[in-house]
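S.K.: Please work out how this folds:
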Amino acid sequence: LRQLNQKWYLGANLWFDNQEIAQTLAGGLLESGAISGSEGGRSSGLGVMAIYDTRSNVLFPERGNYLSVSLQTYGKHTLSDYTFQKLRWDYRHFKTLGSGVLGLNVFSDWNFGDVPFFSMGLLGGDGQMRGYYQGRYRDKLMSGMQVEYRVMPVLWRIGLAAFAGR
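M.R.: Sure thing, here's the model as predicted:
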């Protein structure tokens with residue numbers, strides 16, 4: 001990404017993924033072939049991405065906003081075996097509240113067209129919906145939100161964080 005000014009970044013992005021399905025569960029959905037991508041294949045896309053960032057600190061923000069938006073297209077023109085479009089956005093807001101920091105995160109991964117299951121929006125992991133392993137839930141249209149309140153320090157360098165998501 002190229003920095004346009006103090007807050008904005010803009011650039012192109014490229015995604016390449018080549019999946020091989022080594023083994024499937026007998027009687028499962030992947031074995032039936034009814035799921036797009038069940039035979040594996042290549043998904044490669046080209047797109048554009050913009051970021052708006054006013055956070056006070058990248059690693060431990062106490063105030064500010066962060067917005068990331070990307071749009072990608074996949075198809076024969078990008079040497080992909082699948083034809084689809086992906087719109088992904090992630091908004092985060094941080095505010096000092098009392099002795100701690102309140103963080104709000106709203107995110108979406110929307111896919112349109114013939115999306116292989118391995119390119120769908122994934123829920124879970126260390127950044128979104130902690131407590132679910134990444135990919136536990138996946139879908140063409142995935143959206144969620146989470147809120148966090150963290151207090152630092154409580155005891156020496158030890159802090160507390162409470163979070164919830166939906």
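S.K.: now what about the helix or strand of the chain with the lowest mean pLDDT, what contacts it?
M.R.: Within the chain, no helix or strand scores below helix 29-32, which has a mean of 86 by mean pLDDT, DSSP states H and E. Residues from elsewhere that reach helix 29-32, judged by Cβ atoms under 8 Å, 6 or more residues apart in numbering: I21, T24, L25, I35, S38, F117. Backbone N, C-alpha and C define where each C-beta goes, glycine included.
S.K.: Can you point out the buried residues in it?
M.R.: Neighbour counts over helix 29-32 (16 or more other Cβ atoms under 10 Å) mark L30 as buried.
S.K.: cool, stretch 93-112 as well?
M.R.: Residues of stretch 93-112 classed as buried under the neighbour-count rule (16+ other Cβ under 10 Å) are H93, F94, G100, V101, L102, G103, N105, F107, S108, D109, W110, N111.
S.K.: for those residues, which one is nearest E62?
M.R.: Nearest to E62 among these: V101, at 5.2 Å, using Cβ to Cβ.
S.K.: Pairing partners for the helix or strand hosting that closest one, with directions?
M.R.: Using DSSP states H and E, the secondary-structure element containing V101 is strand 100-113. Taking DSSP bridges as the criterion, strand 100-113 sits next to strand 84-97 (antiparallel), strand 141-155 (antiparallel) in its sheet.
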